[in-house]
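1. got a predicted structure here, sequence first:
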Amino acid sequence: MLKAYRENIARHTRLFDGMDAVLDALEARGLPWGVVTNKPAWLTDPLLAALDLSARAACVVSGDTVAEKKPHPLPMLEAARRAGCEAAACVYVGDAGRDIEAGQRAGMRTVAALYGYLTDGDDPRTWGADDLIDAPRDLFPWLEKHAAWN
């Protein structure tokens, strides 16, 4: 299955609606963004390349980049280091409880993405994120409210 996935890595994969505008706005303001995933680099790197995101991301931390995976905080701390940021200055947007846990354990602000790859059994309201957003564009008012945007 993984071989077939790799061979078709971006055949049906698209950014969530509105994510292009979010990334453009972050970049226009000089705010670095990155990717932290438990997916191994041999899948992460070609996917980001196919989506033309590799050169844009300030950092990419895959599941095999460091010795631990989320929910351990090490991948988050490595991402902050690579992006040249203090973890406390970072906001991690995730669509799984392990994402929120990893961000919190690293000392980051956390936002649960209700538009992500959620299953029927997921209840993001129980994850303890600092906030929840329904769509990528909802990150704009959240950043305004928390002064990271200005």
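-> Nice, I can see it. Residues are numbered from 1 along each chain as shown.
2. residue contacts, Gly97?
-> Pro71, Asp122, Pro124, Thr126, Trp127 (C-beta atoms under 8 Å, 6 or more residues apart in numbering). Using the backbone N, CA and C atoms, a C-beta is placed for each residue, glycine as well.
3. actually, Thr44.
-> Applying C-beta under 8 Å, 6+ apart, we find Thr44 in contact with Val35, Thr37, Val60, Ser62, Gly63.
4. any idea which of the contacts of Gly97 has the most stuff around it?
-> Of all the contacts of Gly97, the highest neighbour tally under other C-beta atoms under 10 Å goes to Pro124, namely 21 neighbours.
5. for that one, give me its contacts.
-> By C-beta under 8 Å, 6+ apart, Pro124 lies in contact with Asp95, Gly97, Ile100, Ala112, Ala113, Leu114, Leu118, Leu132.
6. pull out the buried residues from those residues.
-> For these, a neighbour count by 16 or more other C-beta atoms under 10 Å gives the buried set as Asp95, Gly97, Ile100, Ala112, Ala113.
7. now, the residues you listed that are in strands?
-> The strands, defined by DSSP state E, take in Ala112, Ala113 from these.
8. list just the nearest of the buried ones among the contacts of Pro124 to His146.
-> Proximity of the buried ones among the contacts of Pro124 to His146, judged by C-beta to C-beta, is greatest for Ala112, which lies at 15.0 Å.
9. list the contacts of Ala41.
-> Counting by C-beta under 8 Å, 6+ apart, Ala41 touches Val60, Ser62, Gly63, Asp64, Thr65.
10. got the phi and psi for Tyr5?
-> Here is the backbone geometry of Tyr5 (degrees, to the nearest 10): phi -60, psi -50.
11. so it touches Trp42, yeah?
-> No: between Tyr5 and Trp42 there is no contact under C-beta atoms under 8 Å: 10.7 Å.
12. sec struct for the residue sitting nearest the centre point of the chain, please.
-> Nearest to the geometric centre of the chain sits Val35, at 4.7 Å (C-alpha atoms, centre = their mean). Of the three states, Val35 takes strand under DSSP: H, G, I helix; E, B strand; the rest coil.
13. helix or strand: which one has the nearest residue to it once chain neighbours are set aside?
-> Distance criterion C-beta to C-beta, 6 or more residues apart in numbering; nearest residue to Val35, sequence neighbours excluded, is Val60 at 4.9 Å. When elements are assigned from DSSP states H and E, Val60 belongs to strand 59-61.
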